[in-house]
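Undergrad: Just to be clear, the model below is a prediction. Sequence and coordinates:
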Amino acid sequence: MALIIEELNRAQRVHARYRMDGARYTLGRGYQNDVIVEDAHADAAHAEIHRGDDGCYYLRDLNSVNGTQLLGNCRDKSVKGADINERLITSGDKIQLGKTHFRLTDSEAAIAPAVPLHSVENLFERLSHPALGIGLLLAVAASFLLISYFGSARAFQWNIALNLVAGTAVGLLGYAAAWAFIGRVVRHETQFFAHLTIAALAALVYLGWERISGLLDFNFSLGHTLPLLNLVVLAVLLPAMLWCACYLATNITPRWRWAVALLVPFSFLGLELADQVGNIRDFNEIPDISTELKHDNLMFRTPQPMEQFLANSPELFDIPIDKDEKTAPAKEESAGDNSAEEKS
């Protein structure tokens with residue numbers, strides 16, 4: 001049986017492991033130690049672990065300046081913190097040398113079963129390549145430039161287009177940096193380029209949908225239906241992005257991951273949906289038709305001839321007037337004539 005000495009970082013994650021098989025093991029800042037502690041508050045020879053005649057391990061402080069403290073036991077919550085002069089080590093003890101934390105564990109202690117890899121792990125590994133993230137960011141910028149250039153009949157204004165591209169790039173980089181910072185704090189893994197790639201892919205998908213929705217509106221004059229379709233697309237993209245970000249940057253359980261990925265975007269989209277539905281009126285005297293100028297090759301439905309459209313226009317736009325409304329102006333005119341005759 002051996003003793004495993006685990007050095008813990010500030011997040012209580014294992015930073016380094018050492019295996020003690022001999023009769024004596026030393027810990028300190030000096031280079032002659034078996035465990036070299038990179039801590040200015042630790043002595044050159046701070047503490048030692050030795051095996052007693054009974055086969056058990058004992059921890060002894062070597063008259064250090066800041067002492068050796070027992071913080072507790074991760075297996076037995078009844079163990080309280082205390083200063084150590086010499087102590088029988090129990091598997092799971094957590095100790096502090098200077099400001100450095102260690103966990104002492106029996107090599108025969110039970111180990112938790114392995115966590116199975118998620119099916120998207122290989123995908124995230126490929127998405128984390130820097131060249132892919134930078135390439136997709138440039139693709140988003142180029143797409144914005146092309147849409148700005150070909151999407152308007154006015155003279156192209158480079159300053160407006162470049163400001164739009166710069167704002168989009170800064171937004172994507174800021175999104176990736178924010179989640180990378182969260183991952184660095186929580187999981188000690190940045191995954192910056194994976195976040196950047198996912199955000200850029202989502203931006204490209206939405207840009208592609210805008211082109212498709214423009215064609216649909218050009219052919220079928222979607223009117224109030226188009227904003228609702230945009231919300232449906234966002235209701236797919238935003239939860240997918242947030243789920244990936246939570247998976248890469250946090251340690252929350254799958255159930256909470258889905259809850260966050262669905263509730264947060266749907267809360268904002270629900271407010272926008274309520275606003276869109278509230279703006280839909282029962283009747284509008286001005287019909288909602290597409291006013292975009294596009295090439296006739298983009299018309300993939302059979303256009304209606306002008307003569308037929310004009311012939312059918314009364315059925316589409318004329319409003320039936322009740323008889324009471326017809327006679328009211330006539331009564332008002334006769335009343336006006338009678339009053340004029342009386343004055344004369």
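TA: Structure received. Numbers count the residues shown, from 1 in each chain.
Undergrad: Could you say which helix or strand holds Ser91?
TA: Using DSSP states H and E, Ser91 falls within no helix or strand.
Undergrad: can you count the residues close to it?
TA: Using other Cβ atoms under 10 Å, the number of residues around Ser91 comes to 19. Every residue, glycine included, has its C-beta placed from N, CA and C.
Undergrad: Now do it, the pLDDT please.
TA: Each residue has a pLDDT score; the one for Ser91 is 92.
Undergrad: where does the residue nearest to it when sequence neighbours are not counted land on pLDDT?
TA: Setting aside the residues directly before and after it, Ser91 is nearest to Asp106 in space (Cβ to Cβ, 6 or more residues apart in numbering), at 3.8 Å. Note on Asp106: pLDDT of 90.
Undergrad: try the one 3 residues further on
TA: Model confidence at Ala109, expressed as pLDDT, equals 84.
Undergrad: ditto for Cys74
TA: Listed pLDDT for Cys74 reads 89.
Undergrad: Roughly how far does the residue most central in space within the chain sit from Asn63?
TA: Central residue of the chain (Cα atoms, centre = their mean): Leu242, 3.3 Å from the mean position. Applying Cβ to Cβ, to the nearest Å, the value for Leu242 to Asn63 is 54 Å.
Undergrad: Now do the same for the residue nearest to the centre of the chain: helix, strand or coil?
TA: Secondary structure for Leu242, judged by DSSP: H, G, I helix; E, B strand; the rest coil, is helix.
Undergrad: That one touches Leu263, doesn't it?
TA: No - Leu242 is not in contact with Leu263 according to Cβ atoms under 8 Å; the separation is 9.7 Å.
Undergrad: In which helix or strand does Lys94 reside?
TA: Going by DSSP H and E, Lys94 is in strand 93-97.
Undergrad: neighbouring strands for that strand, and are they parallel or not?
TA: Next to strand 93-97 in the sheet, as set by DSSP bridges, lie strand 68-73 (antiparallel), strand 100-106 (antiparallel).
Undergrad: which residues touch the first one?
TA: Contacts of strand 68-73 from elsewhere in the structure, counted by Cβ atoms under 8 Å, 6 or more residues apart in numbering, are 46-47, 59, 61, 79-84, 87, 90, 92-97, 101.
Undergrad: Can you flag the buried ones in those residues?
TA: 46-47, 59, 61, 79, 84, 87, 90, 92-97, 101 (16 or more other Cβ atoms under 10 Å).
Undergrad: Sticking with Tyr25, tell me its helix or strand.
TA: Counting by DSSP H and E, Tyr25 is found in strand 24-28.
Undergrad: helices or strands up against that strand?
TA: Helices and strands touching strand 24-28, as assessed by 3 or more Cβ pairs under 8 Å, 6 or more residues apart in numbering; DSSP states H and E, comprise strand 3-8, strand 35-36, strand 47-51.
Undergrad: Report the angle between the first one and strand 47-51.
TA: Angle of strand 3-8 versus strand 47-51, following axes from the mean of the first three to the mean of the last three Cα atoms, to 10 degrees, is 160 degrees.
Undergrad: now strand 3-8: how far from the chain's centre is it?
TA: 35 Å (Cα atoms, centre = their mean, to the nearest Å).
Undergrad: Pairing partners for it, with directions?
TA: Short version: by DSSP bridges, strand 3-8 pairs with strand 14-20 (antiparallel), strand 100-106 (antiparallel).
Undergrad: Including distance to Arg211, could those go into TSV?
TA: As requested, the strands paired with strand 3-8 are exported to TSV (distance: least, Cβ to Cβ, whole Å):
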stretch	distance to Arg211
strand 14-20	50
strand 100-106	55
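Undergrad: just so I know, which of the ones you listed lies nearest Gly171?
TA: strand 14-20 (35.2 Å; Cβ to Cβ).
Undergrad: Deepest-packed of the strands paired with strand 93-97, please.
TA: Across the strands paired with strand 93-97, averaging neighbours per residue (mean count of other Cβ atoms under 10 Å) puts strand 100-106 on top, at a mean of 20.
Undergrad: got the CA positions of the following helix or strand past that strand in CSV?
TA: Using DSSP H and E, the helix or strand that follows strand 100-106 in sequence is helix 121-127. Backbone C-alpha positions of helix 121-127 (Å, rounded to 0.1, in the frame of the first residue of the first chain) are rendered in CSV as follows:
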residue,chain,number,x,y,z
GLU,A,121,-16.5,15.7,-27.8
ASN,A,122,-14.8,14.9,-31.1
LEU,A,123,-16.8,17.7,-32.8
PHE,A,124,-15.6,20.2,-30.2
GLU,A,125,-12.1,19.0,-30.6
ARG,A,126,-12.2,19.8,-34.3
LEU,A,127,-13.9,23.1,-33.7
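Undergrad: Go ahead and name everything in contact with the helix or strand following helix 121-127.
TA: Later in the chain than helix 121-127, the nearest helix or strand by DSSP H and E is helix 130-150. When contacts are defined by Cβ under 8 Å, 6+ apart, helix 130-150 is touched by residues 126-127, 156, 160-161, 164-165, 168-169, 172-173, 176, 192-194, 196-197, 200-201, 203-204, 207, 210-211.
Undergrad: now, which of those lie within helices?
TA: 126-127, 160-161, 164-165, 168-169, 172-173, 176, 192-194, 196-197, 200-201, 203-204, 207, 210-211 (DSSP state H).
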